[in-house]
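Chemist: Sequence first, predicted model second:
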Amino acid sequence: MPQNDRPAAGAAIARRALLATVPLGLAAPRPARAQAPGADWPNQAVRYINPFPPGGSTDILSRIFCLKMSEITGQQFVVENRGGGGGTVGVDAIAKSRNDGTTIGLGGIASHAINPTLQPSMPFDSTRDFTFVTGLWQLPNLLIVTNDLPARTVPEFIALLRANPGKFSFGSAGPGTTLHLSGALLAQLAGLDILHVPYRGAAPAYPDLQAGRIHFMLDNIPGAWGQARDGKVRALAVTSRERSPVVPDLPSLAEFLPGFDIVSWTCLCGPAGFPPAMVARMSAFSKQALESPDLRRQYLEQGATPWWTTPERIVAYRAQEQERLRPIIIASGAVRD
């Protein structure tokens, strides 16, 4: 080696020796990994669209959920009521919102399982136009009868109606509602000949039920249980597959009619295209909210059961419900030409 190259060689050896003493993690700084889109959700206030007017059970339950989400995340969740078209107006607004996570909202059995059969010309596609995050709550219906009806159990009730075909009627909130479908499924499974009397909402039916002008209803628990508790009507059973924790002493209709299962369920959804990391964050925060003891207590006081699901589960459940309810809807005569 030439004389004038020795200092350079010595310096190189010294550098290699120094690097060998440095921890590998510090030897060469790596560029920061880019954060996945949506991984910081929510990073601003979130609008929650409730497709029904203020004051009803969906509004109360939505506000309880949003208050808890605000508490958990530190961001404001603001409820916006967009009623109209039986929920179609608000759900359409959800579908057409920007998919940046600033707008989410309430979907459910009517908009995402019944209406695809009942109203196939809706302005949105119930499957393709949404990102589904989780279930929110479930509300069974309650079979209530006029106090003058000589039947105090489900077997007595079914026997009375079978013995008098065409003589008994039930009220509903309108064709294709869960109240109507509950009555239609009851008629199918029990072999009954009964008359359906549709109203514009459930509330106008109650005076006729109390007066005996109609004989029974299968209304959502929040309204029906209040009437029964006050002695204005008599409650016989719930329409869910299992007994409800809200009224655990009442049997389910499925105990007498296997396969009976009609539940008003809701879900948290947004427009199509939410990034996976955002959906994961929404799901995790929703789970924390829906499993909190204070939210559960408030939901049960309203007659609802909190219902968290994985995103995959709510997607599958919605599709199953649409298929399961289709023949019931068609047989009920509710399909609009």
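Modeler: Structure's in. What do you need?
Chemist: How about the spatially most central residue of the chain, nearest residue that isn't a chain neighbour?
Modeler: Nearest to the centroid of the C-alpha atoms of the chain, with distances taken as C-alpha atoms, centre = their mean, sits T266, at 1.4 Å. Distance criterion C-beta to C-beta, 6 or more residues apart in numbering; nearest residue to T266, sequence neighbours excluded, is G108 at 3.9 Å. Yep, even glycine has a C-beta here, placed from its N, CA and C like the rest.
Chemist: One more: R281?
Modeler: W41 (4.6 Å).
Chemist: And for that neighbour, the neighbour number?
Modeler: W41 has 22 neighbours, counted by other C-beta atoms under 10 Å.
Chemist: now do G201
Modeler: Residues lying near G201 (other C-beta under 10 Å) number 13.
Chemist: OK, contacts around it?
Modeler: Contacts for G201 were tallied using C-beta atoms under 8 Å, 6 or more residues apart in numbering; they are 173-174.
Chemist: Check the gap between it and P53 for me.
Modeler: 11 Å (C-beta to C-beta, to the nearest Å).
Chemist: what does R234 give?
Modeler: Counting by C-beta to C-beta, the separation of R234 from P53 is 30 Å.
Chemist: who's more crowded, those two?
Modeler: Set side by side, R234 and P53 show more neighbours around R234, with 18 against 13, by other C-beta under 10 Å.
Chemist: pLDDT score assigned to that one?
Modeler: Model confidence at R234, given as pLDDT, is 98.
Chemist: Which element, helix or strand, includes R47?
Modeler: strand 46-50 (DSSP states H and E).
Chemist: Run me through the strand neighbours of that strand, direction for each.
Modeler: Strand pairing for strand 46-50, using DSSP bridges, gives strand 77-81 (parallel), strand 103-108 (parallel).
Chemist: All the strands of this protein, in order from the start?
Modeler: 46-50, 77-81, 103-108, 130-145, 169-172, 195-198, 216-220, 234-238, 263-271, 305-306 (DSSP state E).
Chemist: Pick the most deeply packed of the ones you listed.
Modeler: strand 216-220 (a mean of 27; mean count of other C-beta atoms under 10 Å).
Chemist: Show me the contact partners of that strand.
Modeler: Contacts of strand 216-220 (C-beta under 8 Å, 6+ apart): 57, 139, 141-146, 149, 157, 168, 170-173, 178-179, 182-183, 186, 202, 205-206, 209, 224, 233, 239, 262, 264, 303.
Chemist: what angle do the strand holding R47 and strand 263-271 make?
Modeler: Interaxial angle of strand 46-50 relative to strand 263-271 (axes from the mean of the first three to the mean of the last three C-alpha atoms, to 10 degrees): 140 degrees.
Chemist: mind checking how far strand 46-50 is from the chain centre?
Modeler: Its chain's C-alpha centre and that of strand 46-50 lie 14 Å apart, by C-alpha atoms, centre = their mean, to the nearest Å.
Chemist: Over to stretch 75-87?
Modeler: With C-alpha atoms, centre = their mean as the basis, the mean position of stretch 75-87 lies at 14 Å from the chain mean.
Chemist: picking that back up, wait, the residue nearest to the centre of the chain touches T134, no?
Modeler: No - T266 is beyond contact range of T134, at 10.0 Å (criterion: C-beta atoms under 8 Å).
Chemist: Can you show me the helices along the stretch 1-150 of the chain?
Modeler: Assigned by DSSP state H, counting those that start in this stretch, the stretch 1-150 of the chain shows helices spanning 6-20, 24-27, 57-73, 88-95, 109, 115-118.
Chemist: what sits up against the shortest one?
Modeler: Spelled out, that is helix 109. 178, 263-266, 321, 325.
Chemist: again, but for stretch 114-126
Modeler: For stretch 114-126, using C-beta under 8 Å, 6+ apart, the contacting residues are 86, 88, 91-92, 95-96, 111-113, 130, 175-176, 178, 181, 318, 322, 325-326, 329-330, 334-336.
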